[in-house]
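J.: Provided below are the primary sequence and the corresponding predicted coordinates.
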Amino acid sequence: MVYVSTAKVKALKSRAHSTTFNPRNIESDWYPCWNQVLMDITMHLPNICVYGQHLLWIRSSREVLDPFLRQFMLQHHPAAAPPVAQDHEEELDSPMALDGDTSFGSAESVAGSDKDLKPDFSLMHLTLKPLRDDLAELPFGIRRAGMKVLHECYFCICEIKAAPSRRLAGTPNFEIVLRQRFRQAQDQLAKYANLYFLADGGLERDRLLLWACVGSHWVWAEVKRKHVPLWLWDTNSYAQGVDVEAFYRLFSLQPLDLCTPESDEEIDTLMAEYFQTLWIHPELYGEHVDTSEEESDGDEH
């Protein structure tokens with residue numbers, strides 16, 4: 001399938017740029033446009049879904065947090081362990097006690113601003129199987145639409161920022177502000193990636209797609225654990241001495257603009273090369289799998 005921007009994406013891009021319908025040029029008016037882009041991308045990918053405001057978190061002690069992981073968290077991110085909530089008093093004596101019901105990673109979340117740990121959009125991979133007929137007919141089965149979820153993971157995180165002021169269009173300052181906002185989005189993605197690679201799903205993975213968007217412009221990067229500059233949650237900044245510029249350079253160099261042939265072609269490449277099970281789970285299926293022989297002989301395995 002070749003990706004082509006749909007009429008809905010074009011309409012929502014036009015609306016977000018409109019001085020009538022987005023007079024304040026705010027970030028949230030770009031969410032419908034990017035949500036539609038992601039919905040169109042995943043429309044023909046049955047096990048990949050769009051998740052808005054997915055909460056990145058660490059499992060609580062009630063869900064058997066690995067002791068080594070907990071020690072790593074407390075050693076390297078001391079501000080990441082807020083006081084155990086009062087309704088978990090029964091767990092206070094447990095050596096595993098750690099409140100996983102609040103957003104892990106930021107003192108901001110303790111103060112109530114947990115938005116920084118909720119990416120604007122994530123792409124979720126699911127594996128399911130049908131329930132047995134006798135279970136599917138029960139209220140339990142009806143609630144679950146006759147399906148059982150066996151696996152869930154996230155492989156792409158998207159962060160959106162508002163477009164530069166319309167007054168800057170056609171001036172050198174437009175490019176300056178565009179770069180500044182891309183840096184803001186990339187810094188936010190670095191925070192998410194730090195937490196992602198500590199969370200339970202990230203422990204099983206060593207790759208992640210990051211998608212930074214400023215208005216209708218966007219760049220992307222494939223990152224591994226070793227590429228992500230360490231973020232210190234107690235100071236809400238990068239660790240001293242990390243090479244942040246190297247992280248920025250991982251992103252595609254030239255921002256693309258939605259609904260252009262260049263943007264459509266790049267999205268098509270992402271769909272073909274990255275939005276596939278072989279890329280999402282190379283640890284299960286191998287980095288390179290040659291299916292030509294299997295497809296040709298028709299044998300069942």
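T.: Nice, thanks for sending it over. Numbering: from 1, shown residues only.

J.: can you tell me the element Leu278 falls in?
T.: helix 277-280 (DSSP states H and E).

J.: helix, strand, or coil at Trp218?
T.: strand (DSSP: H, G, I helix; E, B strand; the rest coil).

J.: what number of residues lie near it?
T.: 24 (other CB atoms under 10 Å). (Each C-beta comes from the backbone N, C-alpha and C, glycine too.)

J.: and the helix holding Leu278, how far out from the chain's middle?
T.: 16 Å (CA atoms, centre = their mean, to the nearest Å).

J.: again, but for stretch 184-195
T.: From the chain centre to the centre of stretch 184-195 is a distance of 10 Å (CA atoms, centre = their mean).

J.: which parts of that stretch are buried?
T.: Using 16 or more other CB atoms under 10 Å as the burial criterion, the residues of stretch 184-195 that qualify are 185-195.

J.: list of residues touching that stretch?
T.: Among residues not part of stretch 184-195, those counted as contacts by CB atoms under 8 Å, 6 or more residues apart in numbering are 56, 104-106, 116-117, 119, 157, 159-161, 202, 208, 210, 212-214, 223, 228-231, 238, 244, 247-248, 251.

J.: quick one: Leu230 and Asp268, what's the gap?
T.: Going from Leu230 to Asp268 by CB to CB, to the nearest Å gives 34 Å.

J.: what does Leu135 give?
T.: Leu135 is 40 Å from Asp268, by CB to CB.

J.: buried stuff in the strand ranked longest in the chain?
T.: When the chain is parsed with DSSP state E, its longest strand is strand 147-161. Buried residues in strand 147-161, counting neighbours by 16+ other CB under 10 Å, are found at 153-161.

J.: do stretch 17-35 as well
T.: 17, 22, 25, 27, 29-35.

J.: report the two of those separated the most.
T.: Using CB to CB, the buried residues of stretch 17-35 span at most 18.4 Å, a distance reached by Asn25 and Asn35.

J.: rewinding a little: relative to the longest strand of the chain, what are the paired strands and their orientations?
T.: When sheet partners are counted by DSSP bridges, strand 147-161 sits next to strand 121-130 (antiparallel), strand 208-214 (parallel).

J.: send me that strand as CSV with only the CA atoms.
T.: Only the C-alpha atoms of strand 147-161 are listed here, as CSV (Å, rounded to 0.1, in the frame of the first residue of the first chain):
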residue,chain,number,x,y,z
MET,A,147,-11.2,-11.6,22.2
LYS,A,148,-8.3,-12.1,24.7
VAL,A,149,-5.3,-9.8,24.7
LEU,A,150,-2.1,-11.8,25.0
HIS,A,151,0.5,-9.0,24.5
GLU,A,152,0.8,-5.2,24.4
CYS,A,153,3.7,-3.0,23.7
TYR,A,154,4.5,0.5,22.5
PHE,A,155,7.0,1.1,19.7
CYS,A,156,6.5,4.7,18.6
ILE,A,157,6.0,7.9,20.6
CYS,A,158,4.8,11.1,19.1
GLU,A,159,5.2,14.6,20.6
ILE,A,160,3.5,17.7,19.1
LYS,A,161,4.2,21.4,19.5
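
J.: quick check: closest non-adjacent residue to Leu253.
T.: Once flanking residues are discounted, Leu253 sits nearest to Val219: 7.9 Å by CB to CB, 6 or more residues apart in numbering.

J.: tell me who's in contact with the one you found.
T.: Taking CB under 8 Å, 6+ apart, we find Val219 in contact with 182, 211-212, 251-256.

J.: tell me which of these is nearest to Gly52?
T.: Sorting these by distance to Gly52 puts Trp211 at the head of the list, at 13.6 Å, by CB to CB.

J.: and the pLDDT for that closest one?
T.: If you check Trp211, the pLDDT there is 97.

J.: ok, now Pro130?
T.: Per-residue pLDDT puts Pro130 at 92.
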